[in-house]
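Visitor: here are the coordinates; sequence isn't available:
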């Protein structure tokens, strides 16, 4: 039935000829002698003129799926340069109920609340701006993968059903695993470190991870897509930050180059940079106190992250800043203690447009130091036996990071809620559709 | 510390010069005046000559991580054409316990059982053949993605925490989701159909899926990596099978071209093909009866799959065969009933080297037909409300398939147990490491 189908974007190659298109009725204007039907497929939309004597277009609903044949005629008023003079229409699949969401209008004209968009997720993705979010997210994730493959990283696929947590005992979803309890992985942290030690040296993974966080905010998901990498043979966390500068620069430029149309639907301008400033947490706190009279210690709250980005946006014209030297008490047991600054770690966050989108750092690679760090947290090294093994057999100095895919998408497009950047969000109350 | 590090494979560009290498002590032969140290990094191995006056190599253990500097000297006896005349050795990270697995010998000389390999997974991956399994698996997955992107597919990331099963109620792992029960996704089936209907038309996903199957066999995992795609605007399942022929042909040729060294460690020869034979289940049963005196009905058991591949290997010199026309009773409620053959479906399996590696088919796209199919299984259409919505709004005819990444790796390399093709397998009894 679809053997001769051509995509709308390719119909222009056949000016003067009959083509067969297939897609959805995006819009319809019925006049007395003819109708204007806007047909949509994955490649775009085109105006099709339908003579009243050919087909009674009043039988059509918006979003009906049709096969439409017609002659491709040059049309200089059209954005794509041609229209279709319809010779045949056939309904393949009816839209037989009233649409809960209109998908042929700009989002701001639809006045939809987020729950409506998410409840009717599949339909809402037919709307251009909403669909564009995911095209841009795709490009971000693809270019993450491309950059790492180019840099000799190996992709890994590590288990999400695990026996113990990596980041501490709370915030774990419990799975009934036959007669036993298991958990959903909070991150691939242990496994990616293992794979560095297994000899791959540089590894990455893109996969869902799970956090049983009780709070329901505009920037948290309980299941999110994590872009993780880990690399061996580093000196300290600055190697990881420098690498991320190149990585993000590549990802952003790919979005700019290949998602130009999608990006133009959003007002926000994606920052261009060669360097991202690096400040210590102590310096960040000083700026907050001096510029905003805000007294912060030990970690940055969401409000501080916002103020800090505003400050750097004003200073550098770019709302991106690395913060490093976090205290040990705020970082997991595997974080490398700072070589010279007592109580601090070789770890960092990257804050983008007011939100932490990356956490990373150097990890402990020395077996004895790691055992001691585990014990100093009141944890039992024996319960980390599997994790610890490779550290006995020549573990290289290493570090890495994780970027939340939904968070970076949210900030690249300046969306207000992280759920907008997730196909099917899972939060404190939502597990459908 | 590693700023000047070069990879072993690149050292040959610096003949006559001093280079800095870093890696693991792969092998060591201590003679009275000097030692031969084989150094290994992610790019390969190289022989380093260490003068006894420079460093007491008796202090070194196998798998110690060292920085080694030395002059690159041409050596025609060496496979890579050069050796290193060592001028400096520094231990970065000690291997301070006896190795539970030797990693510098061919696998057949090590006489390891599978549990030992899996218990010490990270270490075992340092062994060349074991590491090669995953390099080949990587290439299979990467080329799956490449081929689909080239064919205008959109990558999707769908939730693994779900409210209901897709393939029927059993075999679901239950998750404690705050106050509620949720489940781990058995497949992205409903979501990938949704994304076709959402207007992407062609989508794919590579991710873990979960089956709470009680049996512990050499070909089942409870968490496996599924290579899924779904495409709209098809006529029937033959479009999907033809597409898979091109896809697999591409994947196999990429492995042959880019994993030549890794592939050479395994005896099995990867089949080359342009076409894969397609037979109906009825024809398959006839062959089994006629050639093997085996009386099979309704579905193929593992033994039948083996015999059938043996037969086609003999007939066509290629152990791959599609079997289609499965009965409705053996397929899920979304399988498209056969247009002309009553009680059968437009579905198929692909059997490779005696094992089903793909299940696929055309799906029902008509809302009423789907509701009826759900009800005919004794299920309540109301509980599939979210799934059903898009079928009311112009769903294109569509179909797709899933390939088990571990299964195809297993068959490409003729491994005996699927666990060999999984970084960290999860089965009836194993959830560590």
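Guide: Cool, the structure landed. Not measured: the values here are computed from a predicted model. Numbering: from 1, shown residues only, chains lettered A, B, ... in the order given.
Visitor: next, the nearest residue to residue A:6 once chain neighbours are set aside: phi, psi?
Guide: Of all residues not flanking residue A:6 in the chain, residue A:19 sits nearest, at 5.1 Å (Cβ to Cβ, 6 or more residues apart in numbering or on different chains). All C-beta atoms are positioned from the backbone trio N, CA, C, and that covers glycine. The phi and psi values for residue A:19, taken as degrees, to the nearest 10, are phi -120, psi 160.
Visitor: residue A:19: neighbour count?
Guide: As a burial measure, residue A:19 scores 23 neighbours (other Cβ atoms under 10 Å in any protein chain shown).
Visitor: partners of it in the sheet?
Guide: Note on residue A:19: beta-bridge partners residue A:70, judged by DSSP bridges.
Visitor: quick check, pLDDT for it.
Guide: Looking at residue A:19, its pLDDT is 98.
Visitor: hmm, it is touching residue A:84, no?
Guide: Yes. Here residue A:19 lies in contact with residue A:84, judged by Cβ atoms under 8 Å, at a distance of 7.4 Å.
Visitor: joint contacts of those two?
Guide: Residues touching both residue A:19 and residue A:84 by Cβ atoms under 8 Å, 6 or more residues apart in numbering or on different chains: A:11, A:70, A:72.
Visitor: what's the closest of those to chain B?
Guide: Distance to chain B, by Cβ to the nearest Cβ, is smallest for residue A:11 among these, at 15.2 Å.
Visitor: helices of chain A, residue ranges please.
Guide: Remark: helices assigned in chain A by DSSP state H are A:107-110, A:114-119, A:121-124, A:128-150, A:189-195, A:237-258, A:260-263, A:281-292, A:302-316, A:367-376, A:385-388, A:405-412.
Visitor: with distance to residue B:109 and mean pLDDT added, can I get these in CSV?
Guide: Compiled in CSV, the helices of chain A are given as follows (distance: least, Cβ to Cβ, whole Å; pLDDT from 0 to 100):
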stretch, distance to residue B:109, mean pLDDT
helix A:107-110, 64, 93
helix A:114-119, 57, 97
helix A:121-124, 55, 96
helix A:128-150, 33, 97
helix A:189-195, 25, 97
helix A:237-258, 38, 98
helix A:260-263, 56, 95
helix A:281-292, 52, 97
helix A:302-316, 56, 96
helix A:367-376, 28, 97
helix A:385-388, 26, 95
helix A:405-412, 44, 98
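Visitor: any chance of CSV for those, columns mean neighbour count and distance to chain B?
Guide: Below are the helices of chain A laid out as CSV (neighbours: other Cβ atoms under 10 Å in any protein chain shown; distance: least, Cβ to the nearest Cβ, whole Å):
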stretch, mean neighbour count, distance to chain B
helix A:107-110, 12, 15
helix A:114-119, 16, 8
helix A:121-124, 24, 4
helix A:128-150, 20, 6
helix A:189-195, 25, 4
helix A:237-258, 19, 9
helix A:260-263, 15, 12
helix A:281-292, 17, 25
helix A:302-316, 17, 23
helix A:367-376, 16, 7
helix A:385-388, 17, 3
helix A:405-412, 25, 7
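Visitor: between the ones you listed, which one is closest to residue B:354.
Guide: Taking Cβ to Cβ, helix A:189-195 is the member of those nearest to residue B:354, at 30.8 Å.
Visitor: what's around residue A:319, how many residues?
Guide: Residue A:319 has 20 neighbouring residues, counting by other Cβ under 10 Å.
Visitor: and residue A:322, how far is that from residue A:276?
Guide: 6 Å (Cβ to Cβ, to the nearest Å).
Visitor: which residues are common contacts for the two?
Guide: With Cβ under 8 Å, 6+ apart, residue A:322 and residue A:276 have common neighbours A:241, A:350.
Visitor: low-confidence ranges, chain A, go.
Guide: Along chain A, the parts satisfying pLDDT under 70 run over A:166-169.
Visitor: distance of the residue of it positioned farthest from its centre from residue A:26?
Guide: Most distant residue from the mean C-alpha position of chain A: residue A:53, 48.7 Å away (Cα atoms, centre = their mean). For residue A:53, the distance to residue A:26 equals 23 Å [Cβ to Cβ].
Visitor: just residue A:262 next, same as before
Guide: From residue A:262 to residue A:26 the distance is 17 Å (Cβ to Cβ).
Visitor: please identify which of the shared contacts of residue A:19 and residue A:84 is nearest to residue B:47.
Guide: residue A:11 (62.7 Å).
Visitor: now for that closest one: which residues touch it?
Guide: By Cβ under 8 Å, 6+ apart, the contact set of residue A:11 is A:19, A:21, A:46, A:72, A:82, A:84.
Visitor: for the second one, which non-adjacent residue is spatially closest?
Guide: What sits nearest to residue A:21 in space, not counting adjacent residues and going by Cβ to Cβ, 6+ apart, is residue A:68, at 4.9 Å.
Visitor: correct me, but that neighbour touches residue A:84?
Guide: Yes. Using Cβ under 8 Å, residue A:68 is in contact with residue A:84, at 6.9 Å.
Visitor: what is in contact with these two at once?
Guide: The contact sets of residue A:68 and residue A:84 overlap at A:21, A:39, A:48 (Cβ under 8 Å, 6+ apart).
Visitor: looking at those residues, which are in strands?
Guide: The strands, defined by DSSP state E, take in A:21, A:39, A:48 from these.
Visitor: what's near enough to touch the first one?
Guide: I take that to be residue A:21. A:5-8, A:11, A:39, A:41, A:46, A:48, A:67-70, A:84.
Visitor: ok, 7 Å please
Guide: Neighbour list for residue A:21: A:5-6, A:8, A:11, A:39, A:41, A:68, A:84 [criterion: Cβ atoms under 7 Å, 6 or more residues apart in numbering or on different chains].
Visitor: the second one now?
Guide: Taking Cβ under 7 Å, 6+ apart as the contact definition, residue A:39 lies against A:8, A:21, A:23, A:25-26, A:45-46, A:48, A:68.
Visitor: can you check the last one too?
Guide: For residue A:48, the contacting residues are A:37, A:39, A:68, A:70, A:83-84, A:86, by Cβ under 7 Å, 6+ apart.
Visitor: filter those residues down to the buried ones, ChimeraX style.
Guide: Only the buried entries of the contacts of residue A:48 go into this ChimeraX selection, using 16 or more other Cβ atoms under 10 Å in any protein chain shown:
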select /A:37,39,68,70,83,84,86
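Visitor: biggest separation within the contacts of residue A:48, which pair?
Guide: Taking Cβ to Cβ as the measure, those span a maximum distance of 11.9 Å, between A:68 and A:83.
Visitor: test my guess that residue A:148 contacts residue A:229.
Guide: Yes. Contact criterion Cβ atoms under 7 Å: residue A:148 and residue A:229 qualify, at 5.9 Å.
Visitor: joint contacts of the two?
Guide: With Cβ under 7 Å, 6+ apart as the test, residue A:148 and residue A:229 both reach residue A:204.
Visitor: and the contacts of residue A:39, which is closest to residue B:420?
Guide: Relative to residue B:420, the closest of those is residue A:23; by Cβ to Cβ it sits at 45.8 Å.
Visitor: tell me, how many residues neighbour residue A:430?
Guide: Neighbourhood size, residue A:430 [other Cβ under 10 Å]: 17.
Visitor: leaving out sequence neighbours, find the closest residue to it.
Guide: Nearest residue to residue A:430 in three dimensions, chain neighbours excluded: residue A:118, at 7.0 Å (Cβ to Cβ, 6+ apart).
Visitor: contact partners for that neighbour?
Guide: Counting by Cβ under 7 Å, 6+ apart, residue A:118 touches A:419, A:425, A:430.
Visitor: so the first one touches residue A:114, yeah?
Guide: Put plainly, it is residue A:419. Yes. Contact criterion Cβ under 7 Å: residue A:419 and residue A:114 qualify, at 6.1 Å.
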